[in-house]
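Trainee: only geometry, no sequence info:
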């Protein structure tokens, strides 16, 4: 169950996380809400996301924490962070 389903960034971030699919879950036919725990963790740390670099750091830390490190170690956090930062600037 999502912790922040009514947060205005929840749906945009969920769509973005699924589109980037850093853990390569879409290949297995997972539902589009598969990244809900990562979105919840990220939203919970929004106060830390005051810069684009901070966004990338939080993304990396949460994905590594929620997945086994080898699955997401080489993921493209920089590009995802760029897009997340753009969303945050619009809020």
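Mentor: Arrived safely. These numbers were taken from a predicted model, which means no experiment stands behind them. Numbers count the residues shown, from 1 in each chain.
Trainee: ok, and for the helix or strand bottoming out on mean pLDDT in the chain, which residues are buried?
Mentor: One helix or strand of the chain scores below all others by mean pLDDT, DSSP states H and E: helix 69-72, with a mean of 78. Buried positions in helix 69-72, judged by neighbour count with 16 or more other CB atoms under 10 Å: residue 72. C-beta: built from backbone N, CA, C; applies to glycine.
Trainee: distance from the chain centre to it, please.
Mentor: Centroid separation between helix 69-72 and its chain, computed with CA atoms, centre = their mean, to the nearest Å, is 15 Å.
Trainee: who are the packing partners of the helix or strand following that helix?
Mentor: Counting by DSSP states H and E, the next helix or strand C-terminal to helix 69-72 is helix 77-90. Secondary-structure packing of helix 77-90 (3 or more CB pairs under 8 Å, 6 or more residues apart in numbering; DSSP states H and E): helix 10-20, helix 52-66.
Trainee: format these as CSV; extra columns: distance to residue 27.
Mentor: Output for those, formatted as CSV (distance: least, CB to CB, whole Å):
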stretch, distance to residue 27
helix 10-20, 12
helix 52-66, 17
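Trainee: Serialize these to a markdown table and add fields for distance to residue 45 and mean neighbour count.
Mentor: What follows is these, written out as a markdown table (distance: least, CB to CB, whole Å; neighbours: other CB atoms under 10 Å):
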| stretch | distance to residue 45 | mean neighbour count |
| --- | --- | --- |
| helix 10-20 | 12 | 18 |
| helix 52-66 | 5 | 18 |
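Trainee: want to throw those into CSV with mean pLDDT?
Mentor: Converted to CSV, the helices and strands packed on helix 77-90 look like this (pLDDT from 0 to 100):
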stretch, mean pLDDT
helix 10-20, 96
helix 52-66, 95
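Trainee: so which of these comes closest to residue 78?
Mentor: Closest to residue 78 of the helices and strands packed on helix 77-90 is helix 52-66 (CB to CB; 6.1 Å).
Trainee: of all the helices and strands packed on helix 77-90, which lies closest to residue 30?
Mentor: helix 10-20 (8.6 Å).
Trainee: contacts made by that closest one with the rest, please.
Mentor: 2, 4, 26, 32-36, 38-39, 42-43, 76, 79-80, 83-84, 87 (CB atoms under 8 Å, 6 or more residues apart in numbering).
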